[in-house]
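Q: Structure, please.
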Amino acid sequence: MTNIIEEIFIPAREYLHTKQDDREQIIRIGRDITNCSKKLIFSLHRLDLTNGVSINDSIKNEMFKHLETISNRLYQLNIMYGTNKNLRSTISNSIEELIEFLTFGYFLKHQQLLQFDKLINIIKLLIKSEDYNGREKEQYFEVILFIVLLNNKDIPVELLNQVDALQIDFIDISDLLMGLFDCTGEIMKLCISNSSNNSGTLELTNTLNSYKYLKHLHQSLIILKQQFPILSIYHGVFEINGNYRSSLVINKKMDVFTNSLNKIETTLIDNLISDQEILQ
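A: Numbers count the residues shown, from 1 in each chain. Model (predicted):
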């Protein structure tokens, strides 16, 4: 009897230990992706993109360092996810933060939404870059930053061919929506910063354009909610089963988005009143 128990118990124990180790490693991976993505967003706020794309070497090297960490963690995550799909909710939080960085970087230059297929290709490039070192690795980061995000050009065909067969299962289109919600907060900060430090017509024009973009996006999301009133996101995946707790996530994000718009409107009105007082 003892041998039979050992035959059942020992493999089960080892399996549970392995799953726990995987869980802890994925949590660490997610934490690193989140931290580096936040630092990259901070770097984007420091860029001056009014006269083309100009990034000094200090900021570029800093961003490359964070991208290198992210590429390594995504590479690990892509390997581990197949046997740890139950940790989808743990993974989605860090992926949303990464998407927030990518969508914000794309918006800064183009005032447009980063499309899902282009987002996936960027993630694939980050993972593929882990196969290289030094200058070869940096070339992938340059494509992501200077060609895709900050110049809105297509990814070179030779690079697309390299990553075409790469499967990415840990990102869902719901992650893009949630990351986009968070990105609106960064756009709000940018609008208020630009309008508060307004030194000319260009900055004010950019602020108004950003506000119009957010307003249009907000209206589109309201229509989406009206069409799918029970739409929710649970463990990083869309659901339409009317789950109250998971629907709270989208509702809360919408409330924050609405508050961001109100803050921009208040700032613009304050500036308008100040200008009128100066003219008088």
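
Q: State the mean pLDDT of the biggest helix by length in the chain.
A: When the chain is scanned for its longest helix (criterion: DSSP state H), the result is helix 2-45. Averaging pLDDT along helix 2-45 gives 89.

Q: before we move on, what about stretch 263-280?
A: 69.

Q: if we can go back for a sec, following the longest helix of the chain, which helix or strand shows up next?
A: Past helix 2-45, further along toward the C-terminus, the next helix or strand under DSSP states H and E is helix 57-80.

Q: And R23, how far from K263?
A: Taking CB to CB, to the nearest Å as the measure, R23 and K263 are separated by 38 Å. All C-beta spots, glycine's among them, are computed from the backbone N, C-alpha and C.

Q: ugh, wrong one, I meant F181
A: F181 sits 15 Å away from K263 when distances are taken as CB to CB.

Q: So for these two, which sits in the more crowded spot?
A: F181 (23 against 15; other CB atoms under 10 Å).

Q: Who's the closest spatial neighbour of that one, skipping the chain neighbours?
A: Of all residues not flanking F181 in the chain, K253 sits nearest, at 4.1 Å (CB to CB, 6 or more residues apart in numbering).

Q: quick one, phi/psi of A165?
A: phi -80, psi -10 (degrees, to the nearest 10).

Q: and it, how many neighbours does it have?
A: 7.

Q: what pLDDT does it get?
A: As predicted, A165 sits at a pLDDT of 87.

Q: Could you do S193 as well?
A: In the prediction, the pLDDT value recorded for S193 is 82.

Q: Make sure the residue nearest to F181 is indeed in a strand.
A: No. Secondary structure assignment (DSSP: H, G, I helix; E, B strand; the rest coil) places K253 in helix, not in a strand.

Q: Would you check that it makes contact with M178?
A: Yes. K253 sits in contact with M178 when judged by CB atoms under 8 Å, with a separation of 7.0 Å.

Q: Tell me which of the two has more neighbours.
A: M178 (22 against 19).

Q: which regions of this structure lie under the pLDDT threshold?
A: Judged by pLDDT under 70, the chain has its weakly predicted residues at 1-2, 48-54, 152, 196-203, 234-236, 239-247, 273-280.

Q: Recalculate using a threshold of 50.
A: Residues of the chain meeting the criterion pLDDT under 50: 277-280.

Q: spatially speaking, which residue is in the middle of it?
A: Nearest residue to the geometric centre of the chain (CA atoms, centre = their mean): I99, 1.4 Å.

Q: Look up how far F9 lies from that residue.
A: Taking CB to CB as the criterion, I99 is separated from F9 by 43 Å.

Q: gap between the two ends of stretch 227-238?
A: 14 Å (CA to CA, to the nearest Å).

Q: Name the residues that touch stretch 18-35?
A: Contacts with stretch 18-35, where a contact means CB atoms under 8 Å, 6 or more residues apart in numbering, come from 69-70, 73-74, 76-77, 80, 83-84, 87, 90-91, 93-95, 97-98.

Q: now the residues you listed: which count as buried?
A: Among those, those classed as buried by neighbour count (16 or more other CB atoms under 10 Å) are 69-70, 73-74, 76-77, 80, 84, 87, 90-91, 94-95, 97-98.

Q: looking at this, F238 is in a strand?
A: Yes. Assignment of F238 by three-state DSSP places it within a strand.

Q: Report the separation between it and M178.
A: In this structure, F238 lies at 10 Å from M178, with CB to CB as the measure.

Q: show me where the stretch 101-250 of the chain has strands.
A: In the stretch 101-250 of the chain, strands defined by DSSP state E, counting those that start in this stretch lie at 232-234, 237-239, listed in chain order.

Q: Near D22, how many residues? Count them for me, please.
A: Applying the criterion other CB under 10 Å, we find 16 residues in the vicinity of D22.

Q: Please name the residues that touch H218.
A: When the contact criterion is CB under 8 Å, 6+ apart, the partners of H218 are F257, T258, L261.

Q: In strands, which of those residues fall?
A: Here DSSP state E is the test, and the contacts of H218 give no hits in strands at all.

Q: do you know how far G134 is from K189?
A: G134 sits 35 Å away from K189 when distances are taken as CB to CB.

Q: Y106 too?
A: Distance from Y106 to K189, counting by CB to CB: 17 Å.

Q: And these two? Which one has more around it.
A: Between Y106 and K189, counted using other CB under 10 Å, the more crowded position is Y106 (22 against 16).

Q: Right, I'll leave it there.
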